[in-house]
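Novice: Got a sequence here, can you build the structure:
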Amino acid sequence: MNHTSASWFVYMVRCSDGTLYTGATTDVKRRVLAHNTGRGARYTRSRLPVSLVYLEEAQDRSDALRREAAIKRFHRPDKEDLVCEFLSKQRTFLKRF
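Specialist: Numbering: from 1, shown residues only. I've put the predicted structure just below:
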C-alpha cells in the first residue's frame with residue numbers, strides 16, 4: 001500500500017456501545033482523533049470513545065466513497081466478519097493510528 005497524503009481510506013471505528021461507524025478520509029489518525037474529541041460524525045459524538053477496527057486503502061475519493069457506501073449496506077454480521085478478518089491480519093499496522 002502506498003500511504004501518501006493523497007491516499008484515500010475507508011475505515012470503521014467501534015463505538016463505546018459496540019456499534020460500528022464507517023467513514024472515508026485521507027487522514028485516518030486525524031479523523032479518529034476528531035471522532036474521539038466530539039468533532040467527528042454526529043453518530044459517534046454520543047458513543048465515545050471510538051477505536052479504529054478496520055482500514056482499507058482506496059485508489060481515489062470516488063472509490064473510497066463507493067466502498068464506504070457498500071460497507072454501510074452490509075448487515076452487521078458481515079461487517080463483523082470484515083473487522084475480524086482485518087484485525088487478525090493487521091494488529092501491528094493499526095498501532096500507528
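Novice: all strands of this structure, in order?
Specialist: Assigned by DSSP state E, the strands in the chain fall at 8-14, 20-25, 51-58.
Novice: deepest of the ones you listed, which one?
Specialist: Most buried of the strands of the chain by mean neighbour count (mean count of other CB atoms under 10 Å) is strand 8-14; its value is a mean of 22. C-beta: built from backbone N, CA, C; applies to glycine.
Novice: and the spatially closest residue to residue 54 that is not a sequence neighbour, what pLDDT?
Specialist: Leaving aside its chain neighbours, residue 54 sits nearest to residue 12 (3.8 Å; criterion: CB to CB, 6 or more residues apart in numbering). At residue 12, the model reports a pLDDT of 98.
Novice: who's in contact with residue 12?
Specialist: Residues near residue 12 by CB atoms under 8 Å, 6 or more residues apart in numbering: 20-23, 52-54, 71, 79, 82-83.
Novice: Residues in a beta bridge with the residue most central in space within the chain, which ones?
Specialist: By CA atoms, centre = their mean, the chain has its centre lying nearest to residue 11, at 1.8 Å. On the basis of DSSP bridges, residue 11 is bridged to residue 23, residue 55.
Novice: what's near enough to touch residue 56?
Specialist: Shown in contact with residue 56 (CB under 8 Å, 6+ apart): 9-11, 67, 86.
Novice: for the protein, longest helix please?
Specialist: The residue-count maximum for a helix in the chain (DSSP state H) belongs to helix 76-94.
Novice: ok and that one relative to strand 51-58, angle-wise?
Specialist: Counting by axes from the mean of the first three to the mean of the last three CA atoms, to 10 degrees, helix 76-94 lies at 90 degrees to strand 51-58.
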